[in-house]
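Asker: Prediction below, plus the sequence it came from.
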Amino acid sequence: MLAPIAEAAAEHPWLAALVATLAVTQMVHRVRTAVLGWRPRDPRRLFVGADRAALLARAGHRCEQHSWLSGRCPVTDRLQADHVHPHSRGGATTVANGQVLCGRHNARKANRIPWAWELRTLAARRQAYAPPGVPTAVVRHL
């Protein structure tokens, strides 16, 4: 089965590069899935009602995105409830996996899975503005 691919790759070097790229991409995807775990999608997609209100209250009705240069984003209107660990990548629709972002920062984040250090930083920053007694930890999967 591999003989025709090997013959074609010998004639066309670009095909060999394409096959190698696809193989590396699959390997990276499998390793990342093994490290982060694979979960089926949560059937509930949107933060609504009490969950959305809890997210907004915890964030102080302000975008939670931070910049090393300018600090916390000042936007307070048209905020969006976002999954820290994206719903499309198995993130649960729970308050522990939610954050409040303005439209610009939500679009920039897209469906990127945050690194562990980013989750720890977000949890530490939340302690400064979250109401007392409200959990500030970020839970990747539930």
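Answerer: Nice, thanks for sending it over. Numbers count the residues shown, from 1 in each chain.

Asker: domains in the chain, as residue ranges please.
Answerer: 2-36, 49-129 (automatic domain parsing).

Asker: of these, which approaches Arg140 most closely?
Answerer: Proximity to Arg140, assessed across these by CB to CB, is greatest for domain 49-129 (4.8 Å). All C-beta atoms are positioned from the backbone trio N, CA, C, and that covers glycine.

Asker: Against Ser70, how distant is the residue positioned nearest the centre of the chain?
Answerer: The chain has Ile113 as the residue nearest its centroid, 3.3 Å off, counting by CA atoms, centre = their mean. Ile113 sits 25 Å away from Ser70, taking CB to CB, to the nearest Å as the criterion.

Asker: and Val28, what element?
Answerer: When elements are assigned from DSSP states H and E, Val28 belongs to helix 13-36.

Asker: so what secondary structure elements neighbour the helix or strand that comes right after that helix?
Answerer: Note on helix 13-36: by DSSP H and E, the next helix or strand toward the C-terminus is helix 49-59. With contacts taken as 3 or more CB pairs under 8 Å, 6 or more residues apart in numbering; DSSP states H and E, helix 49-59 sits against strand 80-83, strand 98-101, helix 116-129.

Asker: What strands line up against the second one, and which way round?
Answerer: Spelled out, it's strand 98-101. Strands that pair with strand 98-101, judged by DSSP bridges, come out as strand 80-83 (antiparallel).

Asker: Alpha carbons only: can I get the partner strand in PDB?
Answerer: Presented in PDB, the C-alpha positions along strand 80-83 are these (Å, rounded to 0.1, in the frame of the first residue of the first chain):
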ATOM      1  CA  GLN A  80     -19.700  38.300  26.000                       C
ATOM      2  CA  ALA A  81     -19.700  35.100  28.200                       C
ATOM      3  CA  ASP A  82     -16.900  32.900  26.800                       C
ATOM      4  CA  HIS A  83     -15.600  29.400  27.600                       C
END
